[in-house]
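Asks: give me the fold of what follows.
(4 chains)
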There are 2 protein chains.
Amino acid sequence: MTDKSPAAGKPIRTAITSEDGIDFAIIELFFFAYRDFTSDPDQILADYGFGRAHHRVLHFVNRRPGLTVAELLDVLKITKQSLARVLKQLIDTDHVVQLQGPRDRRQRELYPTAKGRALALALARPQSRRIHAALEDSGAAERTLVERFLEAMVNPELRAQIDVGSAKMSGKSHGEH
Amino acid sequence: MTDKSPAAGKPIRTAITSEDGIDFAIIELFFFAYRDFTSDPDQILADYGFGRAHHRVLHFVNRRPGLTVAELLDVLKITKQSLARVLKQLIDTDHVVQLQGPRDRRQRELYPTAKGRALALALARPQSRRIHAALEDSGAAERTLVERFLEAMVNPELRAQIDVGSAKMSGKSHGEH
DNA sequence: GAAATTACGTCAATAGTACTGACATAATCT
DNA sequence: AGATTATGTCAGTACTATTGACGTAATTTC
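Replies: Next up, the predicted model:
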């Protein structure tokens, strides 16, 4: 079983390095960082029988109350079939409510309830604590730099969707590009 | 359907803000950044019928050639059952080979083949390009700062496992802690 | 040397998140 | 009136992950 089959390639014994200018350090750090970053809320979600998808929906419904299903799909970049189950559960458990769109009655505007707001905050709290700890002995300049870096990592077409909040938020509600 | 059931909570119409000192900006940016970061290799992997799990295994086998199955499980924090299918496929497709451990013949040391090395590089290339683009007009100081931030986001117990590579790599092969 | 432990592999069942494709309904637009 | 849009839903599939159980070979312990 350990033996290589006749045509198998020979083992390479040297570690891949920063040859070709590949940034393995940050690639790897990003993986570890994101995994641990998401592990905090995952634990809380498990108590509710929810998963990471519920977190994402809850997050954006709280960040942009009144967004429509289509807008949510666009932000999350998933299909409506994927959203359906998750959103239904959040509605059934009274974390999110749907209201008929005022202009267009086909639309469903999504709003958090007090319960949904509380859960969103509870999920964000450990993540925020982790961020603060990571920036512990950093000043505002470093914070901004990290924000800039992360924003620059996002596909340019999508940056418009992002409210940095602290900086922007210049009187736009959400969908008025 | 749009109507709330009798006991449903009332909609909250105000966006969640940085109240309670929650760092929503970075939380959200981290989500978008990581999603786009992983989307690059995902496209390549699809051509091989592989998924993200294959990428992770391939990455660490290339970064630490000769690591054992147990070490790989420890780094990835998954179960051996989860690893089994993915690793088997990588071995069957001649991207990874197993060698019997020299000291302990129960162990399987994992090595990339030339094919596996090439794929690992191909997957890392667009990610590295994205990182470079994000750090475009940044100096070495900013790069270090981003690295420090990401490292600080990782659970402290796990930081030992991380080779920053550019910095460390002080003559240790991999498993000689 | 026998017993316990370790490293690995594998079978079976389940869960969560995603996908494509198809079809239905109501509302709005042309 | 007919086309398009926004949403919902059904069915089938894929990938990644889980827990639990069992098997085998190699090493360690007594």
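Asks: in a strand, A:Val97, correct?
Replies: Yes. Membership of A:Val97 in a strand is supported by DSSP: H, G, I helix; E, B strand; the rest coil.
Asks: what's the pLDDT at it?
Replies: Confidence at A:Val97, expressed as pLDDT, is 98.
Asks: and it, how many neighbours?
Replies: Residues lying near A:Val97 (other Cβ atoms under 10 Å in any protein chain shown) number 24. For glycine as for every other residue, the C-beta is placed from the backbone atoms N, C-alpha and C.
Asks: who in chain A is up against DNA strand D?
Replies: Residues of chain A lying near DNA strand D by Cβ under 7 Å from any atom of the strand: A:68-71, A:80-81, A:84, A:87-88, A:98, A:101, A:104, A:106-108.
Asks: which ones among those map onto helices?
Replies: A:69-71, A:80-81, A:84, A:87-88 (DSSP state H).
Asks: counting contacts, what elements does the top helix by length along chain A pack onto?
Replies: Assignment by DSSP H gives helix A:24-48 as the longest helix of chain A. In this structure, helix A:24-48 packs against helix A:52-63, helix A:114-134, helix B:24-48, helix B:52-63, helix B:114-134, helix B:140-153, with contacts taken as 3 or more Cβ pairs under 8 Å, 6 or more residues apart in numbering or on different chains; DSSP states H and E.
Asks: next, the angle helix B:114-134 makes with it.
Replies: Relative orientation of helix A:24-48 versus helix B:114-134 (axes from the mean of the first three to the mean of the last three Cα atoms, to 10 degrees): 90 degrees.
Asks: can you give me the angle helix A:24-48 makes with helix A:140-153?
Replies: In terms of direction (the same axes, to 10 degrees), helix A:24-48 departs from helix A:140-153 by 90 degrees.
Asks: angle of helix A:24-48 against helix B:52-63?
Replies: Using the same axes, to 10 degrees: helix A:24-48 against helix B:52-63 is 140 degrees.
Asks: in space, what's closest to A:Thr79 - neighbours in sequence excluded?
Replies: A:Leu73 (7.2 Å; Cβ to Cβ, 6 or more residues apart in numbering or on different chains).
Asks: just the element for the one you found, please.
Replies: helix A:69-76 (DSSP states H and E).
Asks: tell me who's in contact with the spatially most central residue of chain A.
Replies: The residue lying closest to the centre of chain A (Cα atoms, centre = their mean) is A:Arg56, at 5.7 Å. Contacts of A:Arg56 were listed using Cβ atoms under 8 Å, 6 or more residues apart in numbering or on different chains, and they are A:76, B:31.
Asks: quick one: low-confidence parts of chain A?
Replies: Where chain A drops to pLDDT under 70, the residues are A:1-8, A:163-177.
Asks: which residue does it bring closest to DNA strand C?
Replies: A:Gly51 (1.6 Å; Cβ to the nearest atom of the strand).
Asks: so how far is A:Gln89 from the spatially closest residue to that residue that is not a sequence neighbour?
Replies: The shortest distance from A:Gly51 to any non-neighbouring residue, by Cβ to Cβ, 6+ apart, is to A:Leu45 (6.1 Å). A:Leu45 sits 11 Å away from A:Gln89, taking Cβ to Cβ, to the nearest Å as the criterion.
Asks: and for A:Pro41?
Replies: For A:Pro41, the distance to A:Gln89 - Cβ to Cβ - is 16 Å.
Asks: which of the two has more neighbours?
Replies: Neighbour count, other Cβ under 10 Å: between A:Pro41 and A:Gln89, A:Pro41 has more, with 24 against 18.
Asks: one step back: go ahead and build a PyMOL selection from the buried members of the ones in helices among the residues of chain A next to DNA strand D.
Replies: To isolate the buried ones among those in PyMOL, judged by 16 or more other Cβ atoms under 10 Å in any protein chain shown, type:
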select buried, chain A and resi 69+71+87
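Asks: just give me the closest of the ones in helices among the residues of chain A next to DNA strand D to A:Glu136.
Replies: A:Glu71 (35.9 Å; Cβ to Cβ).
Asks: in chain A, what residue is nearest DNA strand D?
Replies: For chain A, Cβ to the nearest atom of the strand, closest residue to DNA strand D: A:Ala70, 2.8 Å.
Asks: hmm, back to that, the helices and strands packed on helix A:24-48: which one's closest to A:Ala25?
Replies: helix B:140-153 (6.2 Å).
Asks: now do the closest one: distance to the chain's middle.
Replies: Averaging C-alpha positions (Cα atoms, centre = their mean, to the nearest Å) puts helix B:140-153 17 Å from its chain's average.
Asks: give me the number of residues near the spatially closest residue to A:Gly101 that is not a sequence neighbour?
Replies: Once flanking residues are discounted, A:Gly101 sits nearest to A:Gln107: 3.0 Å by Cβ to Cβ, 6+ apart. By other Cβ under 10 Å, the residues close to A:Gln107 number 19.
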